[in-house]
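Engineer: sequence below, structure please.
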Amino acid sequence: MVHWLGLLLLFAQAGPEDGAQLYQAGKFTEAASAYQDAIKAHPESADAWTGMGRTLLRLGRPRDAVLCLRKALQLKPDDAAIQSALARAYLDGGDAGSAIMLLDPLGDKDPGFRRLLGEAMYRSGYYGRAAQLLERTFAERPDDRQAAGMYAVSLAKTGRTAEAEIACQRLLSAPAPPLDLDVILTYVEILDSRGRPAEALAFADVAIKNEPANPMAHLWKARVLWHSNQEAAAAREAERSVALSPGLPFARNLLLQIYRKQGRVEEARRQAEWLREYNDRLSRGHE
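Structural biologist: Below is the predicted model of the structure:
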């Protein structure tokens with residue numbers, strides 16, 4: 001009798017609050033274990049499923065978090081905190097489309113939803129809508145540098161170049177680590193388009209210094225050098241970009257142009273052949 005009473009008391013104590021305390025203390029592995037026990041003891045507890053989902057996010061397991069947070073949302077269908085956490089899990093798991101499907105019907109009156117929806121639109125390439133949402137977020141949360149960066153890039157992507165330049169300058173004049181590579185390269189593109197190659201090259205070097213293994217940083221330096229008629233240097237940077245990401249068609253196309261101008265016929269032929277095969281694969285994929 002005592003034995004069973006003790007077990008009942010043990011299960012009664014295995015609640016989401018134990019996981020919450022460990023989560024707040026930054027002990028995420030222990031919190032996950034506590035939430036797992038809580039779920040076993042209370043499988044219909046939305047708090048336990050939500051806590052487990054948030055903990056898995058902190059452990060870098062967004063796809064597992066999605067499963068837990070979906071279950072939590074089934075138990076509490078209109079809970080804003082769960083909806084926000086699930087949207088974040090979708091975004092961190094690379095599924096911006098599902099985040100949009102979740103958030104868009106909820107409207108953009110809630111600042112938290114608006115921020116997440118703006119990020120989802122940005123990641124999906126809907127830059128006009130992203131700019132609208134993120135502009136409001138930036139006005140409400142001027143210290144949200146990630147939102148400010150996405151807003152700056154969205155402005156550039158939608159042709160609002162003058163505003164984008166100001167937004168990029170504002171972010172880059174007071175840099176805070178980690179630097180946003182998309183913002184730097186957007187600024188490089190703006191400077192290059194405005195015929196300011198020396199400034200563009202300086203910021204391209206900043207991008208490479210911060211992320212030397214990023215192929216886009218080398219590609220943008222190559223583009224600026226190419227536009228400045230520095231063919232040999234442009235070729236070297238474009239070749240680095242291809243070496244880092246052999247499947248990057250933009251770098252291959254730039255190399256094709258450079259090699260042709262330099263009279264490097266065989267190397268140009270190889271790039272042209274690669275691009276033809278790439279386009280053939282794309283065509284077959286759309287059939």
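Engineer: need the contact list for Thr158.
Structural biologist: Applying C-beta atoms under 8 Å, 6 or more residues apart in numbering to Thr158 gives the contacts 127-128, 131. Quick note: C-beta positions are derived from backbone N, CA and C, even for glycine.
Engineer: ChimeraX command to pick out the buried ones of these?
Structural biologist: This is how ChimeraX selects the buried members of these, with burial counted by 16 or more other C-beta atoms under 10 Å:
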select :127,131
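Engineer: can you give me the neighbour number for Ala25?
Structural biologist: 10 (other C-beta atoms under 10 Å).
Engineer: how near is it to Gly93?
Structural biologist: Look at Ala25 and Gly93: by C-beta to C-beta, to the nearest Å, they are 26 Å apart.
Engineer: looking at the contacts of Thr158, which is nearest Glu211?
Structural biologist: The shortest separation between Glu211 and any of the contacts of Thr158 is 22.4 Å, and it belongs to Tyr127 (by C-beta to C-beta).
Engineer: ok, and the closest non-adjacent residue to the closest one?
Structural biologist: Excluding the flanking residues, the one nearest Tyr127 by C-beta to C-beta, 6 or more residues apart in numbering is Lys157, at 3.9 Å.
Engineer: same question for Leu248.
Structural biologist: Per C-beta to C-beta, 6+ apart, closest to Leu248 is Pro215, 5.5 Å.
Engineer: kindly report the same for Phe203.
Structural biologist: Spatial nearest neighbour of Phe203, chain neighbours left out: Val188 (5.0 Å); criterion: C-beta to C-beta, 6+ apart.
Engineer: who's in contact with the one you found?
Structural biologist: By C-beta under 8 Å, 6+ apart, the residues touching Val188 are 200, 203-204, 207, 220-221, 224.
Engineer: now His227
Structural biologist: 192, 197.
Engineer: please pull out the lowest mean pLDDT helix or strand from this protein.
Structural biologist: Among the helices and strands of the chain, helix 2-13 carries the lowest confidence by mean pLDDT, DSSP states H and E, at a mean of 39.
Engineer: right, and the helix or strand after that one?
Structural biologist: Next helix or strand after helix 2-13 toward the C-terminus (DSSP states H and E): helix 16-24.
Engineer: if we look at that following helix, which residues are touching it?
Structural biologist: The contact list for helix 16-24 (C-beta under 8 Å, 6+ apart) reads 28, 30-32, 34-35, 37-38, 42, 45, 47-48, 50-52, 54-55, 58.
Engineer: repeat that with 6 Å
Structural biologist: The contact list for helix 16-24 (C-beta atoms under 6 Å, 6 or more residues apart in numbering) reads 30-31, 34-35, 38, 47-48, 51, 55.
Engineer: out of those residues, which is nearest to Pro177?
Structural biologist: Nearest member of the contacts of helix 16-24 to Pro177, counting by C-beta to C-beta, is Thr55, at 26.4 Å.
Engineer: tell me which element that closest one falls in.
Structural biologist: Element membership of Thr55, judged by DSSP H and E, is helix 46-58.
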